[in-house]
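**Student:** here you go, sequence then predicted model.
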Amino acid sequence: MSDYLLKSLGYNGEVRVYAVDATETVAEAQRRHGTWSAASAALGRTMIGGILLGATLKGEEKMTIKVEGDGPAGHIIVDSNGKGEVKGYIANPKISLALNEAGKIDVRAAVGTQGTLTVTKDLGMKEAFSGQVPLVSGELGEDFTYYMATSEQTPSAIGLSVLVDTDDSIKAAGGFMIQVMPGATDETITALENRLASIPMISQLMEEGESPESILNRLVGEGNVKILEKLPVSFKCECSKERFATAIITLGVEEITSMIEEDQGAEASCHFCGNQYHFDVADLESLKVEAVS
């Protein structure tokens with residue numbers, strides 16, 4: 001089944017609720033980058049966070065999320081948009097650690113607890129909006145929640161979950177975001193807190209066959225959900241040989257000449273998807289002509 005995200009309202013519009021199954025999307029990233037368990041969980045959670053925050057965007061708006069912690073995973077970069085498209089990479093994909101005290105993948109140890117979470121939004125205006133918060137957990141769900149409360153002044157609860165198999169493949173991945181709307185009653189907030197305290201990991205529920213629809217019912221209760229939109233979710237990278245060619249032209253004639261004379265060509269690799277593009281001497285000679293004009 002293809003991945004998708006549901007946008008909904010709960011408790012007669014007092015809360016906005018999103019739930020996403022991103023299993024195949026995170027699995028595609030794992031396959032492309034060859035990530036090991038801890039890196040898979042860290043990258044996957046960041047991608048799910050990107051999907052959830054991206055779902056609040058409109059039209060051609062897009063965002064970049066950067067997690068920079070002091071753990072061995074290094075930095076994590078994720079791009080997403082309002083169309084359910086996401087891509088991402090992790091600086092050190094070969095990270096596998098001992099399980100934590102709860103018997104789960106130790107994402108906190110992989111990411112680190114000192115660092116920052118930065119969200120930059122391109123809303124089609126002259127300048128991008130950028131918000132940055134310190135890491136408060138390293139588990140990432142809490143860090144995204146803190147970002148929403150601090151940078152966007154939106155009380156939220158965000159859950160991010162990735163279940164990794166023994167061969168490092170992705171068994172399940174998903175998450176949710178609940179946003180409390182102005183005017184929400186204390187009774188509604190208490191009911192949500194009680195439900196959140198008892199809900200199992202989202203990836204565990206999805207492995208057991210639950211859908212975003214059933215997870216919404218778990219989060220706010222059957223009969224309290226009004227689904228507004230179902231959005232397909234996928235890993236998508238817009239890289240191409242033409243885009244890399246444009247980047248090479250900007251290097252200038254001297255640098256392109258050096259590529260021709262010293263390397264007899266050039267190789268370009270996309271950080272986000274791993275696709276590689278070869279430029280032979282003839283390609284570079286043509287690009288050098290464009291760099292002059």
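**Tutor:** Arrived safely, thanks for sending.
**Student:** for this structure, what spans make up the strands?
**Tutor:** Secondary structure of the chain by DSSP state E: the strands cover 4-10, 15-21, 62-69, 76-81, 85-90, 115-122, 129-134, 156-164, 170-180, 225-232, 234-235, 266-269, 276-279.
**Student:** report the buried residues of the longest one.
**Tutor:** Put plainly, it is strand 170-180. Under the neighbour-count criterion of 16 or more other CB atoms under 10 Å, strand 170-180 has 170, 172-180 buried. For the C-beta atoms, the positions are set from N, CA and C on the backbone; glycine is no exception.
**Student:** coming back round to it: save the strands of the chain as JSON lines, and put in distance to residue 291 too.
**Tutor:** Supplementary listing: these in JSON lines, determined by distance: least, CB to CB, whole Å:
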{"stretch": "strand 4-10", "distance to residue 291": "43"}
{"stretch": "strand 15-21", "distance to residue 291": "43"}
{"stretch": "strand 62-69", "distance to residue 291": "28"}
{"stretch": "strand 76-81", "distance to residue 291": "27"}
{"stretch": "strand 85-90", "distance to residue 291": "28"}
{"stretch": "strand 115-122", "distance to residue 291": "27"}
{"stretch": "strand 129-134", "distance to residue 291": "32"}
{"stretch": "strand 156-164", "distance to residue 291": "43"}
{"stretch": "strand 170-180", "distance to residue 291": "42"}
{"stretch": "strand 225-232", "distance to residue 291": "40"}
{"stretch": "strand 234-235", "distance to residue 291": "33"}
{"stretch": "strand 266-269", "distance to residue 291": "13"}
{"stretch": "strand 276-279", "distance to residue 291": "13"}
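**Student:** could the buried residues of strand 170-180 be laid out in JSON lines, adding pLDDT?
**Tutor:** Listed next are the buried residues of strand 170-180 as JSON lines, based on pLDDT from 0 to 100:
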{"residue": "170", "pLDDT": "97"}
{"residue": "172", "pLDDT": "96"}
{"residue": "173", "pLDDT": "97"}
{"residue": "174", "pLDDT": "96"}
{"residue": "175", "pLDDT": "96"}
{"residue": "176", "pLDDT": "96"}
{"residue": "177", "pLDDT": "96"}
{"residue": "178", "pLDDT": "95"}
{"residue": "179", "pLDDT": "94"}
{"residue": "180", "pLDDT": "92"}
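**Student:** need the contact list for the spatially most central residue of the chain.
**Tutor:** Nearest to the mean C-alpha position of the chain, by CA atoms, centre = their mean, lies residue 47 at 1.7 Å. By CB atoms under 8 Å, 6 or more residues apart in numbering, residue 47 lies in contact with 22, 25-26, 29, 78, 80, 86, 88.
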